[in-house]
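Q: Just the structure for this:
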Amino acid sequence: MLRREAGPSIQRKAFIKVYQGFGHTGSLVVYGHVFHRKPYRFRRFRNSFLLNLVQLVRLFVLKPAPYVPLRLQFYDQVLEGHSEYDGFFRFEWASAHTLAAGWHPFTVGLGNDNPAPAEGKLWVPHVTQFAFISDIDDTIMKSYSATVFRRLYELLARNPERRRIFLETANHYKLLSLAHTHAAAPNPMFYVSSSEWNLYDYLDRVFSYNNLPPGIFLLNQVKRWFELLRSGKTGHSGKLIRISRVLQAFPRQQFVLLGDNSQQDPQLYRAIAEKHPGQIYAIYIRNVRASRAVATETLLSGLPANVHSCFFEHSSEAIEHGRAIGLLPQDKG
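A: Purely as a prediction, here's the structure:
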């Protein structure tokens, strides 16, 4: 089947949303979406179930713009591309110049007719730094992912500033972001979730309000309003692909994986450790389902010998484990 390009009228009205990119000199990656109009964003945060419900549903009332020609500019490099059938786009390229560690700007515009292209930035870490890949739901934030209606209640009833994170999690992740480095060059943090790209700004607000370290969100395919009941549901392979792409982008980096046992993280992380044994330094699994505790411990006991593991209930336990293996500095108190 031949791909149909969007017409000129659609291109002029389309709205580009870019997400933070990542990589190194030889492999840079940027993601984004093209929509027919600007997606809705939470305006006010109130303790009102009805208002939260309306605002949440509006995040899923959007219309992706497929096959729109795009142009990315990164310093003096220009790349051509287009959005996919669901409005999603992905640029991957090698920099023409050696890049210093830190944030680098880029823009994505609509072909030749966009006077104000969308601005974004991408992160290049030092090769000596650790990198962290963390799940979000039930690892950082209480989401009850295993129960559809309880998950939806948490999503619908609580605005981003009322979402509950686990005790000591913010402190734990701050320590990880600065492990063996300093504030001017924090470790890269990747947040890989089954939540949809619809919730990008929502999650970003949850993280900033709770003082969690900023990082790169890698989320699930956009859903429409009539798919809201399926929010947060994706196949095991989708998360595996996203994590594998990060590992492939940083072949010289040492990674720490953080997840929980509410769904498939233990099995997924073990498979990743077996496939990339030289890149995985440690795996942390939060125990949120007591019925799966024994199975989780069995899975972690079968990890490659060079991969540290910690099965914990409270973040304070994970912090102590990090200090014991030299990942985190010793407590000076």
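Q: how about the strands in the stretch 151-300 of the chain?
A: 189-196, 216-220, 254-260, 280-286 (DSSP state E, counting those that start in this stretch).
Q: for the stretch 1-150 of the chain, same thing?
A: Under DSSP E, counting those that start in this stretch, the stretch 1-150 of the chain gives strands at 15-18, 21-24, 27-35, 69-74, 77-82, 88-93, 102-109, 118-124, 130-134.
Q: ok, and for the fifth one, which residues are buried?
A: Going by neighbour count (16 or more other C-beta atoms under 10 Å), the buried part of strand 77-82 is 79, 81-82. C-beta: built from backbone N, CA, C; applies to glycine.
Q: And the longest one, by the same measure?
A: Residues of strand 27-35 classed as buried under the neighbour-count rule (16+ other C-beta under 10 Å) are 27-35.
Q: what comes into contact with it?
A: With C-beta atoms under 8 Å, 6 or more residues apart in numbering as the test, strand 27-35 has contacts from 14-19, 21-23, 62-66, 68, 70, 72, 74, 83, 87-95, 106, 108, 110, 118, 120, 122, 197, 218, 222, 245, 248-249.
Q: Only the buried subset of those residues, as a ChimeraX command please.
A: In ChimeraX, this line selects whichever of the contacts of strand 27-35 come out buried by 16+ other C-beta under 10 Å:
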select :14,15,16,17,18,19,21,22,23,62,64,65,66,68,70,72,74,83,87,88,89,91,93,95,106,108,110,118,120,122,197,218,222,245,249
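Q: can you tell me which residues contact the closest residue to Leu219 other than its chain neighbours?
A: Of all residues beyond its chain neighbours, the one nearest Leu219 is Trp197 (4.8 Å), with distances taken as C-beta to C-beta, 6 or more residues apart in numbering. For Trp197, the contact set (C-beta under 8 Å, 6+ apart) comprises 19, 33, 88, 219-222.
Q: Asn171 now?
A: Asn171 touches 315, 319, counting by C-beta under 8 Å, 6+ apart.
Q: what separates it from Ala318, distance-wise?
A: 10 Å (C-beta to C-beta, to the nearest Å).
Q: Please apply the same query to Met141.
A: For Met141, the distance to Ala318 - C-beta to C-beta - is 16 Å.
Q: was I right about Ser316 contacting Leu175?
A: No. With contact defined as C-beta atoms under 8 Å, Ser316 does not count as touching Leu175 (11.3 Å).
Q: coming back round to it: CSV for the strands of the stretch 1-150 of the chain, including mean pLDDT and distance to Pro213?
A: As requested, the strands of the stretch 1-150 of the chain are exported to CSV (pLDDT from 0 to 100; distance: least, C-beta to C-beta, whole Å):
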stretch, mean pLDDT, distance to Pro213
strand 15-18, 94, 21
strand 21-24, 94, 14
strand 27-35, 95, 20
strand 69-74, 96, 25
strand 77-82, 96, 29
strand 88-93, 96, 25
strand 102-109, 95, 14
strand 118-124, 94, 12
strand 130-134, 96, 9
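Q: Let's have these in a markdown table, adding distance to Phe49.
A: Formatted as a markdown table, these follow (distance: least, C-beta to C-beta, whole Å):
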| stretch | distance to Phe49 |
| --- | --- |
| strand 15-18 | 28 |
| strand 21-24 | 36 |
| strand 27-35 | 27 |
| strand 69-74 | 39 |
| strand 77-82 | 41 |
| strand 88-93 | 32 |
| strand 102-109 | 37 |
| strand 118-124 | 34 |
| strand 130-134 | 29 |
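Q: Indicate which one of those is closest to Asp204.
A: Across the strands of the stretch 1-150 of the chain, Asp204 has its closest neighbour in strand 15-18 (12.1 Å, C-beta to C-beta).
Q: Which strands or helices does the closest one pack on?
A: In terms of contacts (3 or more C-beta pairs under 8 Å, 6 or more residues apart in numbering; DSSP states H and E), strand 15-18 is packed against strand 27-35, strand 102-109, strand 118-124.
Q: quick one, which of the ones you listed is nearest to Ile325?
A: strand 118-124 (25.5 Å).
Q: what packs against the closest one?
A: strand 15-18, strand 21-24, strand 27-35, strand 102-109.
Q: How about residues contacting it?
A: Against strand 118-124 from outside (C-beta under 8 Å, 6+ apart): 16-25, 28-30, 32, 99-109, 188, 216.
Q: give me the low-pLDDT residue ranges for the stretch 201-333 of the chain?
A: 225-237, 332-333 (pLDDT under 70).
Q: which residues of it fall in helices?
A: Assigned by DSSP state H, counting those that start in this stretch, the stretch 201-333 of the chain shows helices spanning 236-249, 265-275, 293-301, 315-324.
Q: Export the last one to PDB, keeping only CA atoms.
A: Translated: helix 315-324. Extracted C-alpha coordinates of helix 315-324, given in PDB (Å, rounded to 0.1, in the frame of the first residue of the first chain):
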ATOM      1  CA  SER A 315      12.900   2.800  49.400                       C
ATOM      2  CA  SER A 316      15.000   3.100  52.500                       C
ATOM      3  CA  GLU A 317      16.000  -0.600  52.000                       C
ATOM      4  CA  ALA A 318      17.000   0.100  48.400                       C
ATOM      5  CA  ILE A 319      19.100   3.100  49.500                       C
ATOM      6  CA  GLU A 320      21.000   0.900  52.100                       C
ATOM      7  CA  HIS A 321      21.600  -1.800  49.400                       C
ATOM      8  CA  GLY A 322      22.900   0.900  47.000                       C
ATOM      9  CA  ARG A 323      25.400   2.000  49.700                       C
ATOM     10  CA  ALA A 324      26.400  -1.600  50.400                       C
END
